[in-house]
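Asks: Need a 3D model of the following:
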Amino acid sequence: MGNETDARWTLAAGVATAVREVGAELAARRRADPVTARTAEEAAARFAELDGPAAEALREKLTALRPQAGWAPEGLDGSVPAEGEWWLADATDGAVQYLLGQPHWAVTATLVRDGAAVLAVVHAPEQDGRTYRAVLGGGAELDGRRIAPLERELAVTVAATSQPPRVAADPVALRRAGESLSAMAGAVLAVRNLGPTALQVAQVASGHLALFWEYGQDAGNLLPGALIASEAGATVSDTTGSAWTAGSGGFLAAAPGLHARALEVLRAVN
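Replies: All right, here's what the predicted structure looks like:
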């Protein structure tokens, strides 16, 4: 197991280099002013112009590092294959923020084996160039230093949340998202949505956020952060306290001492 963990860290170093290179190119091309797209079609076309070349470059770099791994099908449903080894990557995670000229976006790359992440890198080019890395069984790092979540009283925490791309098509998840926002806002210091889901969950791992929760299936966005958070020592579960999997309908990551209290807040909407 030690040799396998070492091999994963070696691979993670190569992946980190790849995402930094792609991130640097995207950052250089991002305009300070928002893209003047007035319709969803115009926004999608503009995004494709920027993301398409970056996604292809990232795919080439990751394939060269691990050619035996396939590529998870692209799509907004966030699903991942249940068997085999697959790359799951997003060159511009936080597309909305990127197009609006904001710095809250990231480049992510995750190696998934049999539906679970075994390696994850989350890089935020315009947030001090932070790079989170984790490998299964090997811990988690931020810019080369080991990280761990911070314990706080729930009332003084900043919690974060988001919604899957297609949450509107899931009435139950949509209702729970709204009700949980009201419940959590009354229990913590503040609730924020700070951009990419993967990056926010990773920020729980390093103590920059106290907890993150979400309703709806969103494996593609949650898998990288979930590995980083759990390897850092955070408690990761679904919103009922059961083990989180790629098929779960809710997600919660928090410092161990906060997790049970956050579950109590969410219990009323499950």
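
Asks: What segments of the stretch 51-200 of the chain are helices?
Replies: 95-99, 171-185, 197-205 (DSSP state H, counting those that start in this stretch).

Asks: so what pLDDT did the residue nearest the centre of the chain get?
Replies: In the chain, the centroid-proximal residue (CA atoms, centre = their mean) is residue 198; its distance is 1.0 Å. For residue 198, the pLDDT comes out at 97.

Asks: Next, the contact list for it, please.
Replies: 90, 93, 106, 108, 120, 122, 221-225 (CB atoms under 8 Å, 6 or more residues apart in numbering). Yep, even glycine has a C-beta here, placed from its N, CA and C like the rest.

Asks: Tell me where the protein has strands.
Replies: For the chain, the strands defined by DSSP state E occupy 70-71, 85-93, 106-113, 116-124, 130-135, 139-142, 145-146, 158-161, 190-192, 211-215, 235-237, 250-254.

Asks: Specify the stretch among the ones you listed that is closest to residue 35.
Replies: Across the strands of the chain, residue 35 has its closest neighbour in strand 85-93 (12.4 Å, CB to CB).

Asks: pLDDT on that closest one, on average?
Replies: 96.

Asks: Figure out how far that strand is from the centre of its chain.
Replies: Mean-position distance between strand 85-93 and its chain equals 11 Å (CA atoms, centre = their mean, to the nearest Å).

Asks: now it against strand 116-124, angle please.
Replies: Strand 85-93 and strand 116-124 meet at an angle of 20 degrees, taking axes from the mean of the first three to the mean of the last three CA atoms, to 10 degrees as the criterion.

Asks: what angle separates strand 85-93 from helix 197-205?
Replies: Angle, strand 85-93 to helix 197-205, by the same axes, to 10 degrees: 90 degrees.
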